[in-house]
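Novice: Starting from these lines, generate the structure:
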Amino acid sequence: MTAFPPPPKPVASESRLQRLFGFRTRLYLTWAVLFALFASFFLSFDLKFSIILDKLPNLLGLSLAPSGFLQGAALTLFLCLCSIAASSVLGFVTALGRLSKSAVAFGIASFYASFFRGTPLLIQILLIYLGLPQLGLVPGAIAAGIIALSLNYGAYLSEIFRAGILGVPHGQREAALALGMRDSLIFWHVTLPQAMRTIIPPTTNQFISMLKDSSLISVMGVWEVMFLAQSYGRSSYRYIEMLTTAAIIYWVLSIGLELIQARMERHYGKGYVRRG
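Specialist: Numbers count the residues shown, from 1 in each chain. Next up, the predicted model:
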């Protein structure tokens, strides 16, 4: 009978290196290298930092616009938060309509989703801002932007919500029915919490896209980040400085949404974590 040699004992120095350069350390080093390359790329444009520092408070929204309302990043964040809330409600209601057995509810929901997913957001913004006054309704530029973003992204979110609800195994509902639960309780306490695990990542992705697409509202003269960056770049003939600053502001705001996404994923994924 052949005797196999015992496996080699782990070297203490190797285990120490593995702890020192673990996954997180390598991740942070990768981000640091990429950020350094990113910064060096923009620094090669010979940026004039005095202009950036002079206009940065306005771009961040630390001061109010001449109208006394928000401007810059603060206004962009306000637009997105209002649109996120409205589009989530619209998307959820539309998803329920798509799942309904009522022909009328299904027809309204499918027509709404088809139109707003099939036409460009910029056209929708202009139709609402320029078209509604012909019907006697005169929305402000900010209100028109929120309406357009909410309607557009509500159509996309409806498909995400519908897919998440349909992705929950049917056996979960059958088990809940066997326990004597009502349909409404099954939906709110069994189906929807499980669907949230698959709904959150693509939904957050849509919110990040909404954050960037809010720059289209600048065509109506709204003093958000993109409008101010273009205005300051035009007046100072330093477009790269202003556009670079606007890009970094959008990036920081999107990172905030990514952190919220990670926290929500951990919350709704507790039941799926493998325990050692």
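
Novice: from here on, contacts and neighbour counts on C-alpha atoms
Specialist: Noted.

Novice: Any figure for the gap between V219 and I147?
Specialist: 15 Å (C-alpha to C-alpha, to the nearest Å).

Novice: Compare the two (neighbour count), which wins?
Specialist: Between V219 and I147, I147 has the larger neighbour count (other C-alpha atoms under 10 Å), namely 21 against 14.

Novice: who are the neighbours in contact with that one?
Specialist: Neighbour list for I147: S83, I128 [criterion: C-alpha atoms under 8 Å, 6 or more residues apart in numbering].

Novice: All the helices of the stretch 151-276 of the chain, in order from the start?
Specialist: Assigned by DSSP state H, counting those that start in this stretch, the helices in the stretch 151-276 of the chain fall at 170-178, 183-186, 192-213, 225-236, 239-268.

Novice: will you turn those into a markdown table that also has mean pLDDT?
Specialist: Formatted as a markdown table, the helices of the stretch 151-276 of the chain follow (pLDDT from 0 to 100):
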| stretch | mean pLDDT |
| --- | --- |
| helix 170-178 | 88 |
| helix 183-186 | 88 |
| helix 192-213 | 92 |
| helix 225-236 | 91 |
| helix 239-268 | 90 |
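
Novice: Can you lay out the ones you listed as a markdown table showing mean neighbour count?
Specialist: As requested, those are exported to a markdown table (neighbours: other C-alpha atoms under 10 Å):
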| stretch | mean neighbour count |
| --- | --- |
| helix 170-178 | 13 |
| helix 183-186 | 13 |
| helix 192-213 | 19 |
| helix 225-236 | 19 |
| helix 239-268 | 16 |
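
Novice: Which of those sits closest to T25?
Specialist: When those are compared by C-alpha to C-alpha, helix 239-268 sits nearest T25, at 18.6 Å.

Novice: Show me how far that closest one is from its chain's centre.
Specialist: Its chain's C-alpha centre and that of helix 239-268 lie 9 Å apart, by C-alpha atoms, centre = their mean, to the nearest Å.

Novice: same question, stretch 158-167
Specialist: Chain-centre distance of stretch 158-167: 17 Å, with C-alpha atoms, centre = their mean.

Novice: Please apply the same query to stretch 229-247.
Specialist: Using C-alpha atoms, centre = their mean, the distance from the centre of stretch 229-247 to the centre of the chain it belongs to is 25 Å.

Novice: Check stretch 146-160 too.
Specialist: How far stretch 146-160 lies from its chain's middle: 12 Å, per C-alpha atoms, centre = their mean.

Novice: try stretch 251-270
Specialist: Taking mean C-alpha positions (C-alpha atoms, centre = their mean), stretch 251-270 and its chain are 10 Å apart.

Novice: what's that stretch in contact with?
Specialist: Under the contact criterion C-alpha under 8 Å, 6+ apart, stretch 251-270 has outside partners P193, Q194, M196, R197, I200, P201, T204, F207, I208, L211.

Novice: CA atoms only: put it into CSV for me.
Specialist: Only the C-alpha atoms of stretch 251-270 are listed here, as CSV (Å, rounded to 0.1, in the frame of the first residue of the first chain):
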residue,chain,number,x,y,z
TRP,A,251,-19.5,60.9,-10.4
VAL,A,252,-19.5,61.6,-6.6
LEU,A,253,-23.4,61.8,-6.6
SER,A,254,-23.5,58.4,-8.4
ILE,A,255,-21.1,56.9,-5.9
GLY,A,256,-23.5,57.9,-3.2
LEU,A,257,-26.3,56.0,-4.9
GLU,A,258,-24.0,53.0,-5.3
LEU,A,259,-23.3,53.0,-1.5
ILE,A,260,-27.1,53.1,-0.8
GLN,A,261,-27.5,50.2,-3.2
ALA,A,262,-24.9,48.1,-1.4
ARG,A,263,-26.5,48.8,1.9
MET,A,264,-30.0,47.8,0.6
GLU,A,265,-28.5,44.7,-1.1
ARG,A,266,-27.1,43.5,2.2
HIS,A,267,-30.4,44.1,4.0
TYR,A,268,-32.5,42.2,1.5
GLY,A,269,-29.9,39.5,0.9
LYS,A,270,-29.5,38.4,4.5
